[in-house]
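Enquirer: after the sequence you'll find the predicted model.
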Amino acid sequence: MTPATAVGSAAVFETCREEGRAALVGYLPVGFPDVATSIRAMVTLVENGCDIVEIGIPYSDPVIDGPAIQRAASAALAGGTRVEDVFAAARAVRDAGAVPLVMTYWNLVLRRGVDRFADDLAAAGGGGLITPDLIPDEAGDWIAASDRTGLDRVFLVAPSSTPERLATVTGACRGFVYAASTMGVTGVRSSVGTAADELVERTRAATDLPVCVGLGVSTGEQAAQVGSFADGVIVGSALVTTLLDVEPEAGLARLAEVTRELAAGVRESKR
Amino acid sequence: MSEQHTSEQPKSEHLMSDAPGRFGRFGGRYVPEALIPALEQLDEVRQKAMVDPDFQAELDHLHKTYTGRPSIITEVPRFAAHAGGARVILKREDLNHTGSHKINNVLGQALLTRRMGKRRIIAETGAGQHGVATATAAALMGLDCTVYMGKVDTERQALNVARMKILGAEVIPVEHGSATLKDAINEALRDWVTNVHDTHYCIGTVTGPHPFPEMVRDFHKIIGIEARQQVLELTGRLPDAVIACVGGGSNAMGIFHRFIEDEGVRLIGVEAGGEGVESGRHAARFASAEPGVLHGAMSYLMQDDDGQTLESHSVSAGLDYPSVGPEHSHLKDIGRAEYRYATDEETMEAFRLLCRTEGIIPALESSHALAGALDVGRELGPDGLILVNLSGRGDKDMHTAAAWFGLIDAQGEGTV
Ligand SMILES: Cc1ncc(COP(=O)(O)O)c(C=O)c1O
């Protein structure tokens, strides 16, 4: 049995609170455009101001992802990316100084075995799991495994969540709560919408945990706006897009630039 | 389990569901949180509807005056001569309006859509039969309709694409992944999570998150209820075996359900063996797969060592799916149902045989059940009595059949 040694995201939110700002959470899938470059890209996120890196595992049937992430995931799988690769990515992100959280569709964890996955992730320096297609009601094994290893357990809430669901879901989270601010799939949106603000407020009524907002943020301005009411700003498709249809070096340079803009955004979000 | 059955619950329900939404260890709700309120609403509305005499009367009226229920049974002695001389009886779901069993479920869900105050209905489709049925119900009830269909399937079932469009539905070809049924479901789920406030996702088979597997089975169980009585009236006894093809498994659950308590009746599901299980190009989940989660439910699933879904293959689009309804997985685990497969080749032979011996052109999906019946009949011999669910008619498959048997040349012209 692995003792409860994993280091989750709690310390990040403490630091951010002291600094009076929101945390920046950046998503990238491992294996796109290839495993080595994807890991360099994650380190780039950390070096340019991401506090937490959400490492996606490419999956054959990504039902909550929009076109950008679907494309990256398909390419990663076609290039031979394996679930195993996520552990090297977690190690690299941890060594670079940020908290690695793995974002994964549930069957990939089930297939490896929930306990084995948790042990391997903790051993690689991982901080926890974000599970977009697992609700707490189905998560008995994972709740036990995360209690045992100390990994963060991040479930999602949505604008459609009732007060009862908000209580159930936030009650099962550890680390933070992921507020998926718009109904729909991942992707860049021109405006973040008022639903985010309202959802964060309703979520706060149910929990004292930090609340991070994801789905649609792409600019420094939006990051500042969301950071003014949320504890963390989650950015995915806008980062993935920098790596689509370009040479790796040019993509990484663009990624660094976009990350700096977002990092400046959350630092403007004086709270 | 104790001998007491004091509750009002029928014994079979008791056997089937350990927890709400679970069939043994299968089923459940593996979906984004955003969909949970819609699933809870659907569950509440359908549970009320199932005990509401007005709803039942409305559905019953549609069955009688629109679908053409009860569907007849037909004994097929010339076909049966090739099945070891066993008696073979077909339940003729192919004679339903729109040409398959799919309409039973769709009319039920369309009525529920109205009850929930939603104005738009979406669906995935493989063979196109569920899409056509959904487009039909949408036209009948004045709902907007969008159907997602894998690009590969839009090509092999072009006639059904045209039917859906004529009926006023929007058909969206899905090019992602293997461009077949599973990818169409992915895209439909993306639409649903975005538009759930005014849209109902009418899943076409007994898969998906709770309450879909249970609800869709309940809308189809009329098949078995009618057939059991019809066979008793015709033959004075219960069949030795009830046989149905299994894609997601809705026509099979529909005909099996009423027979579950009849212990002497074998329930036999026939999966798509494609080019043979050894070839890897098949959809014989029970012959090859282990449990996993896809599209909201835990069930047998064709997957690789990492848990990535494997692509299935079948000559029939409607059986070309890497997972299967969770209730079937449970029936297999407890040994109440048996599952076999028929290869593309065996299926096409059974297809031709029914056409030539009985003048009935079956769907390629249903032809898998016929291939199963030929085998089971030979095993049972002349005393055997077999009930086969003929889930659909084969008009939509003429192109595939013509190509298979070399009835058209490269220009699409007829040959002699
Ligand atoms: C005629 C027919 N039979 C069977 C099927 C398979 O579905 P299920 O296994 O849900 O009955 C289909 C699906 O498209 C179909 O069109």
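Expert: Everything's here; your move. Because the structure is predicted, anything quoted here is derived from the model rather than measured.
Enquirer: CA only for contacts and neighbour counts going forward, please
Expert: Fine.
Enquirer: for stretch B:170-181, which outside residues touch it?
Expert: A:60-61, A:74, B:124-126, B:145-154, B:161, B:164-165, B:183-184, B:187, B:311, B:317-318, B:320-321 (C-alpha atoms under 8 Å, 6 or more residues apart in numbering or on different chains).
Enquirer: which ones are touching A:F13?
Expert: A:22-23, A:210, A:231.
Enquirer: check A:V102 too.
Expert: A:V102 neighbours (C-alpha under 8 Å, 6+ apart): A:54-57, A:86, A:90, A:126-130.
Enquirer: quick one: average confidence on the helix or strand that contains it?
Expert: Counting by DSSP states H and E, the element that carries A:V102 is strand A:99-103. Averaging pLDDT along strand A:99-103 gives 98.
Enquirer: tell me which residues of that strand come out buried.
Expert: Neighbour counts over strand A:99-103 (16 or more other C-alpha atoms under 10 Å in any protein chain shown) mark A:99-103 as buried.
Enquirer: which intervals of the chain have sub-threshold pLDDT?
Expert: Answering for chain A, as no chain was given. For chain A, the stretches flagged by pLDDT under 70 are A:1-4, A:190-193, A:270-271.
Enquirer: oops, wrong one, chain B.
Expert: Ranges of chain B meeting pLDDT under 70: B:1-19, B:409-416.
Enquirer: now with 50, please.
Expert: Along chain B, segments meeting pLDDT under 50 span B:1-17, B:415-416.
Enquirer: looking at chain A, which residue is nearest the ligand?
Expert: In chain A, no residue comes nearer to the ligand than A:D61, which is 20.2 Å away by C-alpha to the nearest ligand atom.
Enquirer: ok, that residue to B:Y341 distance?
Expert: 26 Å (C-alpha to C-alpha, to the nearest Å).
Enquirer: also B:T67?
Expert: 30 Å.
Enquirer: ok, which residues in the stretch 101-250 of chain B are in contact with the ligand?
Expert: B:126-127, B:129-130, B:205, B:246-250 (C-alpha under 6 Å from any ligand atom).
Enquirer: can you give me the buried ones in stretch A:84-103?
Expert: By neighbour count with 16+ other C-alpha under 10 Å, stretch A:84-103 contains the buried residues A:86-94, A:96, A:98-103.
Enquirer: and chain B, which residues reach chain A?
Expert: With C-alpha under 8 Å from any C-alpha of the partner chain as the criterion, chain B meets chain A at residues B:28-37, B:177, B:183, B:186-187, B:189-191, B:193-195, B:292-294, B:305-309.
Enquirer: which residues are in contact with the most centrally placed residue in chain B?
Expert: The centroid of chain B falls nearest to B:S250 when counting by C-alpha atoms, centre = their mean (3.3 Å). Contacts for B:S250 (C-alpha under 8 Å, 6+ apart) come out as B:204-206, B:216-217, B:220, B:325.
Enquirer: nearest residue to the residue of chain A closest to the ligand other than its sequence neighbours?
Expert: Nearest non-adjacent residue to A:D61, counting by C-alpha to C-alpha, 6 or more residues apart in numbering or on different chains: B:N186, 6.7 Å away.
Enquirer: any quick ChimeraX command for the buried ones out of the residues of the stretch 101-250 of chain B next to the ligand?
Expert: Of these, the buried ones can be selected in ChimeraX as follows, counting by 16+ other C-alpha under 10 Å:
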select /B:126,127,129,130,205,246,247,248,249,250
